[in-house]
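**Student:** build me a model:
(one chain, ligands or ions: 2)
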Amino acid sequence: DAVIKLHNIEKHYKMGEQTFKALDGVNIEIEANDYVAIIGPSGSGKSTLMNLIGCLDIPTSGEYFLKNKLVESMTETELAHQRNESVGFIFQSFNLLPRATALENVMQPLVYRFIPAKERKLKALEALKRVGLADKVNHLSNQLSGGQRQRVAIARALVTKPHILLGDEPTGNLDSKTTQEIMALFDELHQEGHTIILVTHEQEIADHCQRVIRLVDGQVVADTRNHHGEKLN
Ligand code: ADP
Ligand code: ADP
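**Tutor:** Residues are numbered from 1 along each chain as shown. Ligands and ions are numbered 1, 2, ... in the order given. Okay, here's the model as predicted:
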């Protein structure tokens, strides 16, 4: 069964007198453990779509079912809960606290929960170990390389154990060798059962995913499966 169902989704922004349709009749279903690239020109609605999928925003109209629950009918508390429990966000520019350590950054999503400090630390250490940074936990994030920073950000996304990982240009600031390492990590997370959705400008990364959804002017113009999948080069 699909973990994400978007039915006839519209997202409109008011620009003075005019209404701008950032998403215009989008229908997408994403199965558990799918590995999806979202591509399209700048301004085609990719970030808007990711924000909706990640429950950071709600559509103007249409229906969004996340794990069979209608997102538009959720209370603010439920939405916050879904944002925390169901999805993990990874950004192009990492969005880490620069003067906090890797460990402090990864513990951050747990701070507003009723989890004892000791347990928060254990969970964060486990997530950092998972991304191969066990030896960097006390480094400040601004002392780490780009690839290491993105690993910290992935650990931060993983620490609440979400099923779905959403990456908005997660390799956009990385060189090609580091991009391959980060994609290898996404592959492992996919093999472990995560559903992965990545916005990308890079054809190489789209080719690497198992499914490619192309947006133009807020509409899905192509939705195709790659037969090879999971190969970079
Ligand atoms: P992409 O990620 O594909 O570059 P976006 O989803 O960021 O596209 O934006 C799609 C369109 O919606 C763009 O024209 C953008 O300027 C507009 N847009 C996005 N967010 C807002 C907003 N909060 N208010 C007004 N317009 C917006
Ligand atoms: P990205 O690097 O993902 O393309 P953008 O610069 O498109 O990021 O957008 C960053 C944020 O600003 C997004 O949350 C988007 O919704 C919002 N945004 C984009 N365009 C506009 C706009 N014209 N007016 C207001 N907010 C916007």
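
**Student:** quick check: the residue of the chain nearest ligand 2.
**Tutor:** In the chain, the residue found nearest to ligand 2 is residue 47; the distance is 3.9 Å by C-beta to the nearest ligand atom. (C-beta placed from N, C-alpha, C; glycine too.)

**Student:** can you report phi and psi for that residue?
**Tutor:** Dihedral angles of residue 47 (phi, psi; degrees, to the nearest 10) stand at phi -70, psi -40.

**Student:** residues contacting the spatially closest residue to it that is not a sequence neighbour?
**Tutor:** With C-beta to C-beta, 6 or more residues apart in numbering as the criterion, residue 47 has its nearest non-adjacent residue at 6.1 Å, and that residue is residue 168. Residue 168 is in contact with 46, 47, 50, 89, 90, 91, 92, 199, counting by C-beta atoms under 8 Å, 6 or more residues apart in numbering.

**Student:** those into a markdown table, with extra columns for distance to residue 9 and neighbour count?
**Tutor:** Converted to a markdown table, those look like this (distance: C-beta to C-beta, whole Å; neighbours: other C-beta atoms under 10 Å):
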| residue | distance to residue 9 | neighbour count |
| --- | --- | --- |
| 46 | 13 | 24 |
| 47 | 14 | 17 |
| 50 | 13 | 22 |
| 89 | 19 | 22 |
| 90 | 22 | 23 |
| 91 | 22 | 18 |
| 92 | 23 | 18 |
| 199 | 16 | 23 |
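
**Student:** so which of those residues comes closest to residue 12?
**Tutor:** Of all these, the one sitting nearest residue 12 is residue 47; the distance, using C-beta to C-beta, is 15.3 Å.

**Student:** re earlier: I figured the residue of the chain closest to ligand 2 was touching residue 199, is that so?
**Tutor:** Yes: in terms of C-beta atoms under 8 Å, residue 47 counts as a neighbour of residue 199; the distance is 6.9 Å.

**Student:** the residue positioned nearest the centre of the chain: what's it in contact with?
**Tutor:** In the chain, the residue lying closest to the centroid (C-alpha atoms, centre = their mean) is residue 166, at 1.2 Å. Residues counted as contacts of residue 166 (C-beta under 8 Å, 6+ apart) are 50, 53, 54, 87, 88, 89, 90, 197, 198.

**Student:** does the host helix or strand of it come close to ligand 2?
**Tutor:** With elements taken from DSSP states H and E, the one containing residue 166 is strand 164-168. Yes: with C-beta under 6 Å from any ligand atom as the threshold, strand 164-168 lies in contact with ligand 2, specifically through residue 168.

**Student:** what does the lowest-mean-pLDDT helix or strand in the chain contact?
**Tutor:** Every helix and strand in the chain was compared by mean pLDDT, DSSP states H and E; the lowest is helix 76-85, with a mean of 89. Identification of contacts with helix 76-85 by C-beta under 8 Å, 6+ apart yields 54-56, 58, 66, 69, 71, 74, 109, 113, 160-162.
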